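after the sequence you'll find the predicted model.
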Protein chains: 2
Amino acid sequence: MPDKEGLIKEALGYLLEEPLLQEIGQVSRYKQVKAQEVIINVGEEFNWMPIVIHGSIKVSRENDEGNELLLYYIEGGDTCAMTLQCCMRKTKSEIKATAMEDSELLMIPIEKTEQWMQDYRSWREYILQSYHTRLTEMMETVDAIAFMRLDERLLKYLKDQAKLLGSLEIIHTHQQIAEDLHSSRVVISRLLKQLEVKGLLTLHRNKIILSEI
Amino acid sequence: MPDKEGLIKEALGYLLEEPLLQEIGQVSRYKQVKAQEVIINVGEEFNWMPIVIHGSIKVSRENDEGNELLLYYIEGGDTCAMTLQCCMRKTKSEIKATAMEDSELLMIPIEKTEQWMQDYRSWREYILQSYHTRLTEMMETVDAIAFMRLDERLLKYLKDQAKLLGSLEIIHTHQQIAEDLHSSRVVISRLLKQLEVKGLLTLHRNKIILSEI
DNA sequence: TTTGTAACGTAACCTAGGTGACAGAAATGG
DNA sequence: CCATTTCTGTCACCTAGGTTACGTTACAAA
């Protein structure tokens, strides 16, 4: 177990009040997840509210027919409001959360969150801000699906990944990308090849290297 | 001016605490809007948080190139969390809100909302519930755009409208429908004709009559 | 009654993207 | 080393939906 208090302070110190940080230190559970690990799946119930203190999480939607679509990412310091609500109303999750890299989470027992809404102004703002960020990102997602062409979405996807993981090398198969964008492998291969011809990236097995962000 | 206290009690009485209802009565402004009236537009700032007490509001996204897309509806008793946040952070609206029928709104001054978050449990729950509902509806919208075919979306759209306005007669031109679904008039006419041939509806000038909900 | 206009119908055509099929290249595991 | 799997490239083909174009209705105003 690393220095939990230190990690909390580092990740959340600029967002939350000191006494709240201490409470978090007392009641939260520290958890490490490996890259590609599924943290929550559609239909599951969940009694802890996760806060990402290090790493990044991919949140996607999956419907009954197995169609999948990437919705947004959660980075260090963020939480997932959708999960929060899933906890508080004791409803089932409508989303799937997957670690994009090895990450560290704080798990907060839900019974605390309601109390903190009452006691801490910074907690209220944190939660509301989280909801707002998620809604805004959902809008961007809607924009992308509704208004952009697949090749533009693909390029945006690659650049987002690069920014998030801080590397121009994207370790993915075409199949994985196709799933995130809800397309098919053949189409992704085709469009990637076009982007390569334009000089925007180079293709390798399991790996794509962007020329620039 | 109608009996504002009565309206408030009727629309929000089962959601909010009595003392809060009284405060709302004191500080809110009552506003009537006509059908098709634009309540908020993209890029505008807004200093009041609206609560719909009667009628229904259509919320849509519009981007720089003038592309439009229907996101969700707000019905009686609901508020628009996106607007709330737009107020609290003093940021510009990312959405457009249009009255679908003659409607009545309560306008709450934003400086109250933060205070109420502290004082009233029912207010906190109301706001969080609103955010959650909006997020859930955004997910449904994403599902629809990403996974459904246009004819299915069109039928869903018509049924949603019928349910919302409580009538099988939908007063819209094909052009208006095309804008809400981000398609083109020709395509909508084509698909409507197909649905008519299948016996699911009948077509008239400015009007579509559904066979059933 | 005529005339102008907004709404609707429909045909011909185009393109983005999905599908199936198959071959070659790269890794992996005995 | 070979065998197997996994990934990628690239055919040919199909379909949903967008676009252009133009005619036909319905209705309102004069």
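That came in fine, so what should we check first? Numbering: from 1, shown residues only, chains lettered A, B, ... in the order given.

so after the one helix or strand in chain A whose mean pLDDT sits lowest, what's the next helix or strand?
Counting by mean pLDDT, DSSP states H and E, chain A has its least confident helix or strand at helix A:81-88, which shows a mean of 68. The first helix or strand that comes after helix A:81-88 along the chain, using DSSP states H and E, is strand A:96-99.

parallel or antiparallel, list what pairs with that following strand.
Partners of strand A:96-99 in the sheet, by DSSP bridges, are strand A:38-40 (antiparallel), strand A:56-62 (antiparallel).

dump the ones you listed to TSV, plus mean pLDDT, distance to DNA strand C and mean neighbour count.
For every residue, glycine as well, the C-beta is placed using N, CA and C. Output for those, formatted as TSV (pLDDT from 0 to 100; distance: least, Cβ to the nearest atom of the strand, whole Å; neighbours: other Cβ atoms under 10 Å in any protein chain shown):
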stretch	mean pLDDT	distance to DNA strand C	mean neighbour count
strand A:38-40	91	22	18
strand A:56-62	94	16	20
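
could you tell me the end-to-end distance of stretch A:109-129?
Distance across stretch A:109-129, first residue to last, is 20 Å (Cα to Cα, to the nearest Å).

off-centre distance for that stretch?
In terms of Cα atoms, centre = their mean, to the nearest Å, the centre of stretch A:109-129 is set 21 Å apart from its chain centre.

which residues touch it?
Here stretch A:109-129 makes contact (Cβ atoms under 8 Å, 6 or more residues apart in numbering or on different chains) with A:15-17, A:19-20, A:23, A:27-28, A:47-49, A:79, A:81, A:84, A:87-88, B:85, B:88, B:117-118, B:121, B:124, B:127-128, B:131.

from A:Asn206, how far off is A:Ile171?
Distance, A:Ile171 to A:Asn206, using Cβ to Cβ, to the nearest Å: 6 Å.

between the two, who's got more neighbours?
Shown here are A:Ile171 and A:Asn206; by other Cβ atoms under 10 Å in any protein chain shown, A:Ile171 has more neighbours (13 against 10).

can you give me the pLDDT of that one?
The model reports A:Ile171 with a pLDDT of 97.

show me what contacts the closest residue to it other than its chain neighbours?
Computed as Cβ to Cβ, 6 or more residues apart in numbering or on different chains, the closest residue to A:Ile171 that is not its neighbour in sequence is A:Lys207, at 5.6 Å. Going by Cβ under 8 Å, 6+ apart, A:Lys207 touches A:169-172.

what do you get for A:Leu70?
A:58-60, A:141, A:157, A:180-181.

could you export those as TSV, including distance to A:Lys163?
Formatted as TSV, these follow (distance: Cβ to Cβ, whole Å):
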residue	distance to A:Lys163
A:Lys58	14
A:Val59	17
A:Ser60	18
A:Thr141	16
A:Tyr157	11
A:Asp180	15
A:Leu181	17
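
and which of the residues you listed is nearest A:Asp102?
Set against A:Asp102, the nearest of the contacts of A:Leu70 by Cβ to Cβ is A:Lys58 (13.6 Å).

what sits against that closest one?
A:Lys58 neighbours (Cβ under 8 Å, 6+ apart): A:70, A:73, A:97-100, A:180.

out of those, who's the most crowded?
A:Ala97 (25 neighbours).

what's opposite it in the beta bridge?
A:Ile40, A:Val59.

about what we covered before: using TSV, lay out the strands paired with strand A:96-99 together with distance to DNA strand D.
Rendered in TSV, the data for these read as follows (distance: least, Cβ to the nearest atom of the strand, whole Å):
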stretch	distance to DNA strand D
strand A:38-40	17
strand A:56-62	18
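
ok, which of those strands comes nearest A:Glu196?
Closest to A:Glu196 of the strands paired with strand A:96-99, according to Cβ to Cβ: strand A:56-62, at 24.6 Å.

can you pull the buried residues of the next helix or strand after the closest one?
Downstream of strand A:56-62, the first helix or strand assigned by DSSP H and E is strand A:68-75. Neighbour-count burial for strand A:68-75 flags A:68-74 (criterion: 16 or more other Cβ atoms under 10 Å in any protein chain shown).

and strand A:68-75, which strands flank it?
In the sheet, strand A:68-75 lines up against strand A:56-62 (antiparallel) (DSSP bridges).

first to last residue in stretch A:177-194, what's the distance?
This stretch, stretch A:177-194, spans 16 Å end to end (Cα to Cα).

mean confidence score for it?
Per-region confidence: stretch A:177-194 scores 98 on mean pLDDT.

now do the strands in chain A.
A:29-33, A:38-40, A:48-54, A:56-62, A:68-75, A:96-99, A:103-109, A:169-170, A:201-204, A:207-210 (DSSP state E).

and the angle for the fifth one with strand A:103-109?
Between the axis of strand A:68-75 and that of strand A:103-109 there is an angle of 90 degrees, by axes from the mean of the first three to the mean of the last three Cα atoms, to 10 degrees.

export strand A:68-75 as PDB, just CAs?
Backbone C-alpha positions of strand A:68-75 (Å, rounded to 0.1, in the frame of the first residue of the first chain) are rendered in PDB as follows:
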ATOM      1  CA  GLU A  68     -20.500  -0.900 -28.600                       C
ATOM      2  CA  LEU A  69     -19.500   2.800 -28.700                       C
ATOM      3  CA  LEU A  70     -17.000   4.800 -26.900                       C
ATOM      4  CA  LEU A  71     -18.600   7.700 -24.900                       C
ATOM      5  CA  TYR A  72     -15.900   9.500 -23.000                       C
ATOM      6  CA  TYR A  73     -12.700   9.200 -20.900                       C
ATOM      7  CA  ILE A  74     -12.100   9.800 -17.200                       C
ATOM      8  CA  GLU A  75      -8.800  11.100 -16.200                       C
END
